[in-house]
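Enquirer: this one's sequence-less:
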């Protein structure tokens, strides 16, 4: 069964092709087809996972070579898949959550004329995502990497008639492309230094015949490689400083936001870092960079999220913040923690997005928190889902988010990074705050929207139920303790991170984080739901602060200022250079020749005697020439 | 009592035939006033054919290298040149007949004069004595002066006068050259001169002057810059048929004489005349190519291009000896065919009385008369030296000869100039195919001349694809026997 | 005779040069043509002088030929000039310049 | 079976028929041309079959004396460099024909010229005799000139003249150097010859070799085109009819790099090594420059034209990395660029037929009206911005890999081209197909069956190369290995080094002997 | 002072002078007359140089026939028309004179270098070369070494005759027909 791993991406790919060409004819059935494809992929994944578990811990690593992909000179790269705990974990998330979101999308998209295409892209995304996580070498990973980028582009711009959507799509692609380009360089460097792109030889487990320099790269080279890969990860995972595309990406349909921009694709960066941890560990700088980026992103995004009134944008920033935590964990070498958060986050963030999808559905695409409120009356079920998701994220025990986040924050302290721990705690507090905010704004307090929201059909609740369950229990099951089930499962691939000892006991740490979470939620209730605070007047009272928050510290504008104007200037400049100088020279030469030819009428005056004169001139010159020779 | 030498007329049979036929045509034409011009044409063509046959038989001439008291050389070079000239003459006769019958100016003397001119051209190719070169030169010149003025159009007459005055002027220089050569060596036999010059180190002043003056004379005839000034006016003014004939024939003949004189007589002075030819070639190529761009009359344009082509032939001749000669010969063949064809098309397009020779009248020709346009395109491409036409191989030939002689710079100049030249050739193509015709102007679609042009086109292509057909002969012809 | 040959040659050279100048400066076609005749005569003088110098008669023969040529040229030339005159009512070489450029 | 002669001259059969048979209807003309082209494609596949992937030398060589006296011969043969270009040519011509199927203006002439063009293009890819190559290379101008000039759009005359003269000027240098080489052969080898296998034997003075290299390079650089000799390209591309653009982009641009691979590297290894870095820099400039200028274009055809400048920069860069990876990448990239840019122009042609504009400003929202055209364009776009899984990625990656081997910074800079590519291509896609639809882009018909017939094979080919590039690479590698080793075999002459270019030319990263041996390159000239 | 010196120094100035004088005659008839003078002097030189036959021919053919022909044509075109000596072409005259002197000098130096002013002609020219009289000796050479060119001159003369026939005897109607056919020499127009 392990050898059938290639089936996992193949199924959604098939679904994609089918939907692409038959989509029109299938109509709404396209959705079912797509869901079935992903579901089947999930089934296969489970089967493969079982086979993997059947193996003993150390042997849990199986490579499936399909065929030689590119070969030139001594460069060889295979199309080969890797089955190991890490890839399987990702595959499970992708297929599982993916299937649920597909199911949800069936209902969500059924009225869209291009539903066929939607599911084609959606399946295609899953396929590429699976290639990404299952790949056994960096180049194949890069295939998936770019592929998901493409699908994200297509899906963000799915409603391309809307200029906003089109631009957002382009922005997303280009921004991530910057990271990807860096990553490509990183991959090239990997080959230059390791003579191979397969994880085995590069990451030090197993060996490959084609290893050129067994010694491995120097510290500097390793740093360079790691940082370049990190750049790619940062782009894909919307971390500072390449995060600007994520909020705009919310122009896409909500299931897209849920699947791609919350559950799976954006976590690819985390996967990359975790996967190549061996590389990162070769260089202190790189790891620290990961840590710093993560932490900063977490806090930055948290603050930004608080400033948003657009529900989805708020969620988007929260995603960024959460992924920041994952990077933070990875940066500390606490990969299992990162993965745990990744999994749990997949559940509750997907849940949150889909629920907000319900809300939009209910309020015919109303997205502004200021025009919601008190919705729990109209859509109790959705309210419950959202509450679960929010609290889970906020880190209220015993929900999933609690364990996931708590391990990470705690690890910071236990591994003796006090400052980091403080900041992380602040981050945790803020995240609880920002996620409780939409909860209260939307579902509690006064109703600020005249129209009556209507609850979504059951078909759309079924997946939510499952996700909710996940959001509740996944933490308990997988990561009750820092060395929980998941950690131990992942051990062969990631090893165990052993925190150092510290003066505060774990219990205290747990207590602290619980207190922070509860306090945050309480504060949120006080400000946004109790009705005692006129939060709507806040922007008037604190224009700067509000502006900084709602505009995410104007980074977007800053980039625009930094890139667009100079870029355009350069472009115009070069274009005029091209027209005036480069091409101008060419035309100039031509004109000169023509000008010279205008001499003809002057020379050929038509007078015999001037002809004779020219003749004689030539004669004299010629004889003179000879005379001088003799 | 005068001891007359052995009179071996074999090697001059072609000339005898030509002159004989010319006289007959003349008498018939003059005496029997009502004779059908077509008959005269056939007669003259027969004469040309006979001459051609006679010269072919001379290919395997095994007699003395020079006959008639050493004034005539009997070698394969002469044969080849004769054939080229005779070919041009045949085409020229047909054109002329058509042209002047069309304009109603046909007269029996036309054929006679063409034949006389031809005889002069063929004679000059074999002349082994400077004075004979001069006489032959005069024969063809006088005939051509008249032919240029054969039509009563003002342009034609003016052309005749300009051609005549400058021609006489240049032949005076040439004659002085002969005198100097004689003064330097005491003889006018090409061989004798070179023998007396050979190994001589000092006292070359007269010889060099002679060379210079002779070069001037030839340069005038082949219209190399700066002795080219007459060319545009004469080519434009003369009746197109005649222009065709002389643009091909005169150049070939003059170049033949030039090759013989420079490679035989002045062979000892090779190192002195090489740079001379180099400069003339460069000037002609550049001036011809550049000045042509401004032209608005196609005959004038072709005239300038013929100047440039003279330059190309000279480029080949910078390589003294066989390589130079054979490449030049090939170039002359290609050039003659092409220019004859081109002028043929011009004649057909320009209709009666040269009404439409301006480039403007070629607008949309591709629509009005696709065949003519297509043929002209082929010729223009050949002139521009684009494969697979004869013009391309010819250019390659002369350039490689030049490169071999170390004159690669000249080759480079030539190649670049031919790009400039390509511009005005292309411009005609643009007019013909890329512009829509304004107004329906009829073109002369008479079959026979069209057929002739077609044959020329075909041979341009064939020679372009299978140059081997002639190159072998040319290599043998390039060996001057003396 | 004791006069150096080169004296005669120099004279012929001068005459030739004068002839060329004549061609360049005179407008009347006839006079231009006469100048050319002058050049030819200069050449003939050169021929004869050289023949004297070399002590063979070829030079004189050549001079003879050149006279023949000259005669022929004169006939044709005058005929052409007359034709032009018929058309233009002028024998000035400057008046015929339809063709230029 | 004389495969190459067949594949070269098969299309030519149609020319006289089309030109001479006056009564032929347009439809007949079209079909005749199409049939011949497809037949030629089949023959081309035959060539592919007859080609032995394992060998690095010339194969299927045919030699017939043409002009024995000067050692000019009809000498054709292919190796890893040319085999795919031959196939590509035979492949893209029918596509182009279908693109211009709708032409109604002088159809017979158009078809005749197309067939003629196919012959000369394939010929120039097969010729192993330098002069023969030049003949084809030069003859190629005429039909292209006419196609642009007669069937082109508004400024066609200017464009066609510029194209012709510019390229001709470039080849002028080639001709002179060719003749010089010929002269050298006659000097050194006793009898003159244009056979490049003979010319390889020549021992040329270093400075001479470098001069000749420059001459050849300039000639080919115009055709590639390499910045700053590229300005004929935008005009030609823009004004040409769709078929013209396709042929121009897909095939004619390949004649340049092909010539460099075949002649510059082969004949002047020392000079190639000597100039490698300078040219690499030039190529990178071209990559970035082309991309930036492309970004500023409002005319979609111009935009693609400049993108070609950028892409060909990659090809040149790859060649002059002088590593097997880079060179193979370059060769693959030539094929890829042919496919993707060809497809782009095809899509643009479809749009132009419908909207009658090339201004992106006047289009928009077309993805709604003509989703499949949009899809076609998008696929081509993605391919040309190097999306892995599609063809271009393979080439670009190998080139970058090779460039890294030669000089890190060149590689790094080249990568920026990838980003910029995404910017301008996607922007173009957005401006053309997304956003609200304009009045021009209402009720248009989507792709017609014949257009499907053209698009599907191209896309299929792109996917195949993207997913299983081995098909291409395994036929290319031996030859590139041979070439690399041939260039390596000479040492750069430090003595003759004037200042300016950096002294050490040895790339830091070289394929180890094992790898080369593995891809067995037998025949390598000493 | 030997006779030939005297002859030379007497006639050379006349010869050159008459030539120059010819250039300054506004009236063609006068020019022709000066030319005739010049021809006479040249004839005299011939005599001195031992070419008595050519001396005769020079006087009969040149001074006689040819110049008469000239004068005849001059008459035909009108005796009294005086040519304006104003130069329309800028720089023509100066350049002409400069170049004229240039060519004269070049020839002069060529002669000086090639012949030199010391060389005397072989004294016994008349005895050895012209033995049996100049005419006879000349004919010897002419019909032995140059008989073929001599034959060729006949062709030349025929051509001349035909030429004149063509040019002179052109029928009016041809002229007129050609007239209405004649096109304006060139009309300028813009071409790409």
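Expert: Received it, and whenever you're ready, just let me know what you need. Predicted, not measured: the structure shown is a model, and the values here were computed from it.

Enquirer: Those residues of the stretch 51-200 of chain D touching chain E, which are they?
Expert: Within the stretch 51-200 of chain D, the residues that sit near chain E (Cβ under 8 Å from any Cβ of the partner chain) are D:157-158, D:161. C-betas here are computed from N, CA, C, even on glycine.

Enquirer: so which of those residues is the most crowded?
Expert: The residue in these with the most neighbours, by other Cβ atoms under 10 Å in any protein chain shown, is residue D:161 (24 neighbours).

Enquirer: mind showing which ranges of chain D have poor pLDDT?
Expert: Per-residue confidence of chain D (counting by pLDDT under 70) places the weak regions at D:494-526.

Enquirer: Can you say which helix or strand has the residue in it positioned nearest to chain E in it?
Expert: In chain D, the residue found nearest to chain E is residue D:157; the distance is 5.5 Å by Cβ to the nearest Cβ. Element membership for residue D:157 (DSSP states H and E) is helix D:156-188.

Enquirer: That helix - contacts with which helices or strands?
Expert: Taking 3 or more Cβ pairs under 8 Å, 6 or more residues apart in numbering or on different chains; DSSP states H and E as the contact definition, the neighbouring helices and strands of helix D:156-188 are helix A:583-597, helix B:390-404, helix B:408-434, helix D:130-139, helix D:141-151, helix D:196-200, helix D:206-223, helix D:232-239.

Enquirer: Can you tell me the closest non-neighbouring residue to residue B:473?
Expert: Nearest in space to residue B:473, with sequence neighbours left out and distances taken as Cβ to Cβ, 6 or more residues apart in numbering or on different chains, is residue B:80 at 6.5 Å.

Enquirer: Quick one: residues contacting the one you found.
Expert: Counting by Cβ atoms under 8 Å, 6 or more residues apart in numbering or on different chains, residue B:80 touches B:329, B:473-474, B:477.

Enquirer: after the strand or helix carrying it, next one along is what?
Expert: For residue B:80, the enclosing helix or strand under DSSP H and E is helix B:76-103. On the C-terminal side of helix B:76-103, the closest following helix or strand by DSSP H and E is helix B:109-126.

Enquirer: by contact count, what packs against that following helix?
Expert: Short answer (3+ Cβ pairs under 8 Å, 6+ apart): helix B:109-126 packs on helix B:13-31, helix B:37-57, helix B:76-103, helix B:130-148, helix B:240-260, helix E:147-168.

Enquirer: Throw these into TSV and include mean pLDDT and distance to residue C:7, thanks.
Expert: As requested, the helices and strands packed on helix B:109-126 are exported to TSV (pLDDT from 0 to 100; distance: least, Cβ to Cβ, whole Å):
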stretch	mean pLDDT	distance to residue C:7
helix B:13-31	92	41
helix B:37-57	94	47
helix B:76-103	94	41
helix B:130-148	95	25
helix B:240-260	95	33
helix E:147-168	91	29
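
Enquirer: Mind putting these into a markdown table with distance to residue B:312?
Expert: Formatted as a markdown table, the entries for the helices and strands packed on helix B:109-126 read as follows, by distance: least, Cβ to Cβ, whole Å:
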| stretch | distance to residue B:312 |
| --- | --- |
| helix B:13-31 | 28 |
| helix B:37-57 | 26 |
| helix B:76-103 | 16 |
| helix B:130-148 | 22 |
| helix B:240-260 | 11 |
| helix E:147-168 | 31 |
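
Enquirer: For the closest residue to residue A:298 other than its chain neighbours, grab phi and psi.
Expert: Using Cβ to Cβ, 6+ apart and skipping residues adjacent in sequence, the residue nearest residue A:298 is residue A:324, 3.1 Å away. Here is the backbone geometry of residue A:324 (degrees, to the nearest 10): phi -50, psi -40.

Enquirer: Around residue A:324, how many other residues sit close by?
Expert: One way to gauge burial is a neighbour count; for residue A:324, by other Cβ under 10 Å, it gives 28.

Enquirer: ok, it touching residue A:427?
Expert: Yes: using Cβ atoms under 8 Å, residue A:324 and residue A:427 qualify as a contacting pair, with a distance of 7.3 Å.

Enquirer: List the contacts of residue D:4.
Expert: Taking Cβ under 8 Å, 6+ apart as the contact definition, residue D:4 lies against D:47, D:60, D:62, D:76-78, D:86, D:126.

Enquirer: Tell me the one among these nearest to chain A.
Expert: residue D:78 (19.2 Å).

Enquirer: Mind listing the residues bridging to that closest one?
Expert: residue D:59 (DSSP bridges).

Enquirer: Next, work out how far apart it and residue D:47 are.
Expert: 7 Å (Cβ to Cβ, to the nearest Å).

Enquirer: The helix holding residue B:80 vs helix B:109-126, what angle?
Expert: For the pair helix B:76-103 and helix B:109-126, the angle between their directions (axes from the mean of the first three to the mean of the last three Cα atoms, to 10 degrees) equals 160 degrees.

Enquirer: Helix B:76-103: how far from the chain's middle?
Expert: Counting by Cα atoms, centre = their mean, to the nearest Å, helix B:76-103 is centred 11 Å from the centre of its parent chain.

Enquirer: For burial, what's the neighbour tally of the closest residue to residue B:226 other than its chain neighbours?
Expert: Spatially, and ignoring its direct neighbours in sequence, residue B:226 is nearest to residue A:618 (3.7 Å; Cβ to Cβ, 6+ apart). If you count neighbours by other Cβ under 10 Å, residue A:618 ends up with 21.

Enquirer: Would you agree residue A:618 is in contact with residue B:215?
Expert: No: with contacts defined as Cβ under 8 Å, residue A:618 does not count as touching residue B:215, sitting 10.0 Å away.

Enquirer: what does chain E have sitting close to chain A?
Expert: Residues of chain E that fall close to chain A, judged by Cβ under 8 Å from any Cβ: E:89, E:92, E:95-96, E:99-100, E:102-103, E:106, E:109-110, E:113.

Enquirer: Now name the helix or strand holding residue D:73.
Expert: When secondary structure is defined by DSSP H and E, residue D:73 falls within strand D:72-78.

Enquirer: Hey, what's the angle from that strand to helix D:130-139? Just curious.
Expert: An angle of 80 degrees separates the directions of strand D:72-78 and helix D:130-139 when computed by the same axes, to 10 degrees.

Enquirer: which secondary structure elements does strand D:72-78 contact?
Expert: Other elements packing on strand D:72-78 under the criterion 3+ Cβ pairs under 8 Å, 6+ apart are helix D:3-9, strand D:59-67, helix D:107-126, helix D:130-139.

Enquirer: mind listing what's buried in the shortest one?
Expert: Same thing as helix D:3-9. Taking 16 or more other Cβ atoms under 10 Å in any protein chain shown as the neighbour-count basis, helix D:3-9 is seen to contain the buried residues D:3-5, D:7-8.

Enquirer: Let me see the contact set for the residue located most distally from the centre of chain D.
Expert: Relative to the centre of chain D, and counting by Cα atoms, centre = their mean, the farthest-placed residue is residue D:439 at 37.4 Å. Contacts were defined as Cβ under 8 Å, 6+ apart; by that measure residue D:439 touches no other residue.
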